[in-house]
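Peer 1: Build me a model from this:
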Amino acid sequence: MTTVGDGLFQYGGVPVASPDALPADVHMVCRKTTASTAYAPFDYWYPRFKKDKFFTTIEEGYSALTTGRNDALYISPDSHSIVAAGSSAAAHTFAKSNCHIIGMDNAAPTYGSCIITDDGIAGTGHYNPLVDVTGDYNQFRNLRITYGNALNTNLNCIQVQGSGNLFDNCFFDGPMSTTLADLATFNLVKVAGVGNVFRNCVFGTMWKTRRVGNNLLQFCRSAAGLAARGTIFEDCIFQSNVDNVGVTHIDANSGGDVGYGPQYFKNCQLYFRWSDHGDQVTQAIEWGIGGITTTLHFDANCSIWGADDVSVGTNARLGVIWAQSGATTSTLGLSLNTA
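Peer 2: Below you'll find the predicted structure:
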């Protein structure tokens, strides 16, 4: 139980004091069939959680939200499977705006227990992406978004096409299979839209070793053609086990004009771990074939471990701004050899 500046008491990020501070409507997803067993205390803490406010799947809880009304959906500390419909391109599309999914967990992003994952059924096109956020102005907090099916073709864990969305204390967990770790077309998180924010998030896992030049973050265009712009990453970690010098963490512009204007990185750490520290990747950021419609700004609190350079190539020298003092290599970054 903590007290914040305005005197509002909170438990797990859920306001429990003045009713005016609550969203328009509040729902909860837990895997129990009723709220009378493990989650009985919620009936006492949150009187608005009546039986018709409890759901057992993410899809049911999402359907109960009303777009544009600041509704909230809290999910219990469970693994919540999203069921793919046939060979759909995405397991779940979050198209509503001004709605929020909040995990009933602590604020540690590294291995949260409020999990959104797949239903374990393999098939072409399943979970690609697992979650597709097309709505605007939503919050996603205290969540672990991952997939456990080693046979699926999920090339993207989450895709953000909307604008003004906030991801806070979230863990984007993957790749979770050797097959995906070895696919050049794998990109864990894809971001388009305007002004999306990732705060205190972790990208990537140390579970599998990436052996090809894929990425944890890729800037892209939305289906409507809106390029990523003004994205903010604050206090975020990008991490991977690697076994190939071509692995990178960020794909800045390989699709051509997929980013527009500045993207900001504040106090972000990019970590590559080569087994036994035997080598290091060539660059942390891939620029690719794209022009210089976007720039990536890294403040002086950002760091890279396990890479020869920040990025290489003519466009990269113009498009990646690395503020850390002492950058003296022939391109633009510190030489961060670990061998």
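Peer 1: rest of the way, CA atoms for contacts and neighbours
Peer 2: Fine.
Peer 1: Relative to I116, how far out is the residue nearest in space to the middle of the chain?
Peer 2: Taking C-alpha atoms, centre = their mean, the centroid of the chain lies closest to F172, which sits 4.6 Å from it. F172 is 10 Å from I116, where distance means C-alpha to C-alpha, to the nearest Å.
Peer 1: Which neighbours do those two have in common?
Peer 2: Shared contacts of F172 and I116 (C-alpha atoms under 8 Å, 6 or more residues apart in numbering): 144-146.
Peer 1: The stretch 201-339 of the chain: helices as residue ranges?
Peer 2: 314-319 (DSSP state H, counting those that start in this stretch).
Peer 1: quick one: low-confidence parts of it?
Peer 2: Within the stretch 201-339 of the chain, the segments meeting pLDDT under 70 span 255-256, 290, 324-339.
Peer 1: ok, back up a step: looking at pLDDT only, which of the shared contacts of F172 and I116 scores worst?
Peer 2: Across the shared contacts of F172 and I116, no position has a lower pLDDT than T146, which has 90.
Peer 1: With respect to F219, which of the shared contacts of F172 and I116 is nearest?
Peer 2: Among these, I145 lies closest to F219 (C-alpha to C-alpha), at 18.6 Å.
Peer 1: Give me the residues contacting the host helix or strand of that closest one.
Peer 2: According to DSSP states H and E, I145 maps onto strand 144-146. Residues outside strand 144-146 that contact it (C-alpha under 8 Å, 6+ apart): 109, 111-118, 157-158, 170-174, 176.
Peer 1: next structured bit after that strand?
Peer 2: Following strand 144-146 toward the C-terminus (DSSP H and E): strand 158-160.
Peer 1: and the contacts of strand 144-146, which of them are in strands?
Peer 2: 115-118, 158, 171-173 (DSSP state E).
Peer 1: Need the max-distance pair from those.
Peer 2: Taking C-alpha to C-alpha, no two of these sit farther apart than D118 and F171, at 15.3 Å.
Peer 1: returning to what we had before: just the buried residues out of the contacts of strand 144-146, in PyMOL syntax.
Peer 2: Those of those that count as buried under 16 or more other C-alpha atoms under 10 Å are selected in PyMOL with:
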select buried, resi 109+111+112+113+114+115+116+117+118+157+158+170+171+172+173+174+176
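Peer 1: what's near enough to touch S97?
Peer 2: 67-68, 135-138.
Peer 1: Give me the three-state assignment for G61.
Peer 2: Judged by DSSP: H, G, I helix; E, B strand; the rest coil, the three-state class of G61 is helix.
Peer 1: Counting neighbours, what do you get for the closest residue in space to it that isn't next to it in sequence?
Peer 2: The shortest distance from G61 to any non-neighbouring residue, by C-alpha to C-alpha, 6 or more residues apart in numbering, is to F55 (5.7 Å). Using other C-alpha atoms under 10 Å, F55 is surrounded by 23 other residues.
Peer 1: which residues does F55 contact?
Peer 2: By C-alpha under 8 Å, 6+ apart, the contact set of F55 is 27-31, 33, 61.
Peer 1: Among the residues you listed, which ones are in helices?
Peer 2: G61 (DSSP state H).
Peer 1: what's the most distant pair in the contacts of F55?
Peer 2: H27 and T33 (14.7 Å).
Peer 1: who's more crowded, these two?
Peer 2: H27 (22 against 10).
Peer 1: give me the beta-bridge partners of the more buried one?
Peer 2: As for beta bridges, H27 partners with L73 under DSSP bridges.
Peer 1: do you know how far it is from I250?
Peer 2: For H27 relative to I250 (C-alpha to C-alpha), the value is 36 Å.
Peer 1: rewinding a little: got a winner among the contacts of S97 for most neighbours?
Peer 2: N138 (27 neighbours).
Peer 1: and that one, what is it in contact with?
Peer 2: 97-100, 164-166.
Peer 1: of those residues, closest to L318?
Peer 2: Nearest member of the contacts of N138 to L318, counting by C-alpha to C-alpha, is G164, at 27.0 Å.
Peer 1: give the contact list for the closest one.
Peer 2: Per C-alpha under 8 Å, 6+ apart, neighbours of G164: 136-138, 193-197.
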